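> here is my input, please return the structure:
(4 chains)
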There are 4 protein chains.
Amino acid sequence: MIEELRRTVCRLHTELVRYGLVVWTAGNVSGRVPGEDLFVIKPSGVSYDDLTPESIVVCDLDGHLVEGDLAPSSDTAAHAYVYRHMPEVNGVVHTHSTYASAWAARGEAIPCVLTAMADEFGGEIPVGPFALIGNDDIGKGIVETLTGHRSRAVLMQNHGVFTIGESPKAAVKAAVMCEDVARTVHISRQLGEPLPIASGDVDSLYDRYQNVYGQRSHL
Amino acid sequence: MIEELRRTVCRLHTELVRYGLVVWTAGNVSGRVPGEDLFVIKPSGVSYDDLTPESIVVCDLDGHLVEGDLAPSSDTAAHAYVYRHMPEVNGVVHTHSTYASAWAARGEAIPCVLTAMADEFGGEIPVGPFALIGNDDIGKGIVETLTGHRSRAVLMQNHGVFTIGESPKAAVKAAVMCEDVARTVHISRQLGEPLPIASGDVDSLYDRYQNVYGQRSHL
Amino acid sequence: MIEELRRTVCRLHTELVRYGLVVWTAGNVSGRVPGEDLFVIKPSGVSYDDLTPESIVVCDLDGHLVEGDLAPSSDTAAHAYVYRHMPEVNGVVHTHSTYASAWAARGEAIPCVLTAMADEFGGEIPVGPFALIGNDDIGKGIVETLTGHRSRAVLMQNHGVFTIGESPKAAVKAAVMCEDVARTVHISRQLGEPLPIASGDVDSLYDRYQNVYGQRSHL
Amino acid sequence: MIEELRRTVCRLHTELVRYGLVVWTAGNVSGRVPGEDLFVIKPSGVSYDDLTPESIVVCDLDGHLVEGDLAPSSDTAAHAYVYRHMPEVNGVVHTHSTYASAWAARGEAIPCVLTAMADEFGGEIPVGPFALIGNDDIGKGIVETLTGHRSRAVLMQNHGVFTIGESPKAAVKAAVMCEDVARTVHISRQLGEPLPIASGDVDSLYDRYQNVYGQRSHL
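Numbering: from 1, shown residues only, chains lettered A, B, ... in the order given. Predicted coordinates for the structure are as follows:
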């Protein structure tokens, strides 16, 4: 089970590279081990070229290393805090992707002006507090911002993005879509104000996408 | 015949990826089956990496699945509406490509200030209405906007782009060119107003390109 | 000799793709046949994937097809005009690269605010007139703008870029560098006015780069 | 020892290409030969495709060629000056990367508004003077700007970026991170003023990252 999850999480890191969400060794993906108080995560400061399933480390929900030869990601405490406080979350992703981080540096939420954004995020993408690394402040900021919010992405002020999902793959999808809508809305606003989408329409789009899109209803 | 078309439409999806018009599973290409009331289209929510000719599904012109193991694209109703009402159209493409969607989010047509745009689109690229998914509203918006218009691309407000063509390849070309001119005109306008092209010159460029460009006149 | 030049010109087209200067079938490279009143050029409307040395066609200096199975580029008349009037030119490149075309759409020259621009272009990159395809107007505009000018690139208004060189490779280099400086100067100006470089310093940089850079002085 | 360093420095050049920091033959990486008054550097005007460990040349600390068949980079004097005056530096990188050069063209330092920037650079990325190539002015500008500064990157006015490091790899990392933060801060500022990070927080982030990140504390 853990071996399979390590392979999955290792492979999902290549999506961060493919979509240009990360440079050098920044960014990380984690996944909860089903039925155990454990999760797997990228080791700290390791190049994406060098990631292998074996290099992915296993941590307990306090963020302590349980298995693996390398030190875990320096963002491990934030991932652990999310897994402790959001039992429905099985995957967490962190990036400094360019456009999302540009909104985060201004501390500004991304307004919902695209149907794809209503589909995936059900409204605006919110901003979380400025928080230093080294204790639970980042984790708390993520959990407090996303609890009771439809969005599975949060822009941590002056920092970058954290996304959550029912699986590591869903969290990676949210990270990819977050950067995509951050970029499109940014570019749209450069030449004027994008048109708002009525909140009732945002609700309809979100409900439909969550229930009808993909192979869910067909299979 | 259908097998050949499935191969063609499957392969054309790789052009959307190559030109950066799509992320994750968003976007789709369809093609009308010559001489039949059928078209083929991307299945819903399937990764571009996993597309095979066999995974491309066949639908009738009401958008109902006729052949294939997967649910058709969630945009199938819009494609079907176009095929029902525009008999000269044999290919339809939908994307959320960044710059075109940025114009769409402001509900603003792209002005014709580039000779390449006059060549391909014969003038501005128009905006279609805001429309929710789930009935014929998107299809109607596409057909009403493009009927009697030279442009083979329409910016659906707050949504993205639909393009049409005499073949699936021509519709893909229109999608590629639409994003290219959306980007160039956006960037040009960031530092001032682009110079207009006289409408008589737009007409000359369009006529020439449609009749002389490529290997048409030579073969 | 012609076979070798066809191979070279075919291969140089891949640089336009690599640096993102072209989409679909737009853009073209040509090269003068040494010692003959001939040049080779891309065929019209052919995909970059499908270009082979055999598909590159041979034209005389009036732009008429002399050898090859395909119709020559629709820009052949402009290339021919340059070869007829600028005997020192042995390579010509045409693209609609994004940032250069954005300056061209405003009819605005790119000011020399980067040392790399002084090195390669010896000052600003000038604008040529608006001209329709179909006669010698584009060719005339290129030759009149670049004659007596250090720049080997011209921004044709509302159209795109033409570059010239002592070889096809030099013209391709100028096209790559033109887009690079067009992009950097554009981005610089988005947040304020770039600092000018004194004209004496531009002269020094240009002289040195033309005479000292590369393996010239060493070999 | 020198052979190993040539292989390392040759390979590091591919990172400049991968991250889009260079076009054509521009840009270069050098590395100090441990325990000797020598360094290795890219040859002048050679394509990144054609770089091999054998083509990397060896120079003394006055920038004179000691070993190799090709002329050294035209920026060799600047690298040599840095190695003569900063004994702790073992790697130097120079690029004209787009966003960093855009700040440099305005002569404007990049403000520290991202935690990743505090981590890597410990504050703003400073601007060095305008300087012509051909003597020690560029080298002097680099050394005077970076001495006593936490940043390992300097924006040389109207020119581009130089970065330094305890190893060639560290200098390449600084070049990659410099462009990444130059881009994100630029984009953030396009739509408003990014929020400052308190200087005490910048200090904490810098201290922690320099001492805790990666596998350092673990191994």
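
> how near is the closest residue to chain C within chain A to D:Asp137?
Using C-beta to the nearest C-beta, A:Gln190 is the residue of chain A that sits closest to chain C, at 9.0 Å. (Glycine included, C-beta is placed from N, CA and C.) Between A:Gln190 and D:Asp137 the computed distance is 38 Å (C-beta to C-beta, to the nearest Å).

> A:Cys59 now?
Relative to D:Asp137, and taking C-beta to C-beta, A:Cys59 is found at 52 Å.

> look at the two and report which has more neighbours.
For A:Cys59 versus D:Asp137, neighbours defined as other C-beta atoms under 10 Å in any protein chain shown are more numerous around A:Cys59 (25 against 17).

> which non-adjacent residue is nearest A:Gly141?
A:Gly128 (4.1 Å; C-beta to C-beta, 6 or more residues apart in numbering or on different chains).

> what is the burial count for the one you found?
For A:Gly128, using other C-beta under 10 Å, the count is 22.

> confidence score at it?
On pLDDT, A:Gly128 comes in at 98.

> that one reaches A:Ile142, doesn't it?
Yes - under the criterion of C-beta atoms under 8 Å, A:Gly128 makes contact with A:Ile142 at 6.0 Å.

> any shared contact partners between the two?
Residues touching both A:Gly128 and A:Ile142 (C-beta atoms under 8 Å, 6 or more residues apart in numbering or on different chains): A:Val154, A:Met156, A:Phe162.

> right, is stretch A:22-32 up against chain D?
Yes - against chain D, stretch A:22-32 shows contacts by C-beta under 8 Å from any C-beta of the partner chain at A:Val23, A:Trp24, A:Thr25, A:Ala26.

> could you check the angle the biggest helix by length in chain A makes with helix D:168-190?
Taking DSSP state H as the criterion, chain A has its longest helix at helix A:168-190. Interaxial angle, helix A:168-190 versus helix D:168-190 (axes from the mean of the first three to the mean of the last three C-alpha atoms, to 10 degrees): 50 degrees.

> report the mean per-residue pLDDT for helix A:168-190.
98.

> my guess is A:Ser151 is in a strand, correct?
No - A:Ser151 sits outside any strand when classified using DSSP: H, G, I helix; E, B strand; the rest coil, being coil.

> nearest the middle, which residue of chain A would you pick?
A:Thr163 (1.9 Å; C-alpha atoms, centre = their mean).

> find the nearest non-adjacent residue to that one, please.
Nearest non-adjacent residue to A:Thr163 (C-beta to C-beta, 6+ apart): A:Ala174, at 3.8 Å.

> how far does the least confident helix or strand in chain A by mean pLDDT sit from its chain's centre?
Least confident helix or strand, chain A: helix A:199-212 with a mean of 93, by mean pLDDT, DSSP states H and E. Taking C-alpha atoms, centre = their mean, to the nearest Å, the mean C-alpha location of helix A:199-212 is offset from the chain mean by 21 Å.

> neighbouring contacts of that helix?
Taking C-beta under 8 Å, 6+ apart as the rule, helix A:199-212 contacts A:112, A:115, A:118-123, A:150, A:197, A:217, B:74, B:130, B:132-134.

> lowest-confidence one in those residues?
For those, the pLDDT minimum is A:Ser217, 50.

> how many neighbours does A:Gln190 have?
By the measure other C-beta under 10 Å, the count of residues near A:Gln190 is 16.

> make that A:Glu67, sorry
13.

> what's near enough to touch it?
Residues counted as contacts of A:Glu67 (C-beta under 8 Å, 6+ apart) are A:Ile2, A:Val57, A:Val58.

> make JSON lines from the residues you listed and add pLDDT, neighbour count and secondary structure to it.
Below are the contacts of A:Glu67 laid out as JSON lines (pLDDT from 0 to 100; neighbours: other C-beta atoms under 10 Å in any protein chain shown; DSSP: H, G, I helix; E, B strand; the rest coil):
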{"residue": "A:Ile2", "pLDDT": "96", "neighbour count": "17", "secondary structure": "helix"}
{"residue": "A:Val57", "pLDDT": "98", "neighbour count": "24", "secondary structure": "strand"}
{"residue": "A:Val58", "pLDDT": "98", "neighbour count": "18", "secondary structure": "strand"}
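
> closest to chain D out of those?
Set against chain D, the nearest of those by C-beta to the nearest C-beta is A:Val57 (10.0 Å).

> from C:Arg189, how far off is the closest residue in space to that closest one that isn't next to it in sequence?
When the adjacent residues along the chain are set aside, A:Val57 lies closest to A:Gly68, with 3.1 Å between them (C-beta to C-beta, 6+ apart). Taking C-beta to C-beta as the criterion, A:Gly68 is separated from C:Arg189 by 49 Å.

> could you do A:Asp180 as well?
For A:Asp180, the distance to C:Arg189 - C-beta to C-beta - is 27 Å.

> what's opposite A:Thr163 in the beta bridge?
Beta-bridge partners for A:Thr163, by DSSP bridges, are A:Val93, A:Ala153.

> in JSON lines, list the residues of stretch A:22-32 next to chain D along with secondary structure, neighbour count and pLDDT.
Formatted as JSON lines, the residues of stretch A:22-32 next to chain D follow (DSSP: H, G, I helix; E, B strand; the rest coil; neighbours: other C-beta atoms under 10 Å in any protein chain shown; pLDDT from 0 to 100):
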{"residue": "A:Val23", "secondary structure": "coil", "neighbour count": "23", "pLDDT": "98"}
{"residue": "A:Trp24", "secondary structure": "coil", "neighbour count": "16", "pLDDT": "97"}
{"residue": "A:Thr25", "secondary structure": "coil", "neighbour count": "20", "pLDDT": "97"}
{"residue": "A:Ala26", "secondary structure": "coil", "neighbour count": "22", "pLDDT": "97"}
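
> pLDDT score for the closest residue to chain D within chain A?
Chain D sits closest to A:Gly45 of chain A, with a gap of 2.8 Å, by C-beta to the nearest C-beta. pLDDT, A:Gly45: 94.

> element containing it, please.
A:Gly45 belongs to no helix or strand when assigned by DSSP states H and E.

> contacts only, for it.
So A:Gly45 contacts A:Thr25, A:Ser74, D:Tyr213, D:Gly214, D:Gln215, D:Arg216 (C-beta under 8 Å, 6+ apart).

> and the nearest residue to A:Pro43 once chain neighbours are set aside, which of the three is it?
Spatially, and ignoring its direct neighbours in sequence, A:Pro43 is nearest to A:Leu70 (3.6 Å; C-beta to C-beta, 6+ apart). Secondary structure, three-state DSSP: A:Leu70 is coil.

> ok, now which ones touch A:Val66?
So A:Val66 contacts A:Leu38, A:Val58, A:Cys59, A:Asp60 (C-beta under 8 Å, 6+ apart).

> check for me that it belongs to a helix.
No - assessed with three-state DSSP, A:Val66 is strand; it does not lie in a helix.

> once you drop chain neighbours, what's closest to it?
Take A:Val66 and drop its neighbours on the chain: the residue closest to it by C-beta to C-beta, 6+ apart is A:Val58, 4.7 Å away.

> hang on, isn't the one you found packed against A:Ile2?
Yes - counting by C-beta under 8 Å, A:Ile2 is a contact partner of A:Val58 at 6.4 Å.

> what do the two both touch?
With C-beta under 8 Å, 6+ apart, A:Val58 and A:Ile2 have common neighbours A:Val33, A:Leu38, A:Val40, A:Glu67.

> residue contacts, the third one?
In other words, A:Val40. A:Ile2, A:Leu5, A:Arg6, A:Val9, A:Ser30, A:Gly31, A:Val33, A:Ile56, A:Val57, A:Val58, A:Cys59.

> quick check: the third one touching A:Glu54?
Yes - between A:Arg6 and A:Glu54 a contact is recorded at 7.4 Å, counting by C-beta under 8 Å.

> between the two, which one's more packed in?
Using other C-beta under 10 Å, the more surrounded residue of A:Arg6 and A:Glu54 is A:Arg6, with 22 against 13.

> next, that one: secondary structure please.
Three-state assignment for A:Arg6 (three-state DSSP): helix.

> so who does it touch?
Applying C-beta under 8 Å, 6+ apart, the residues near A:Arg6 are A:Val40, A:Pro53, A:Glu54, A:Ile56, A:Val58.
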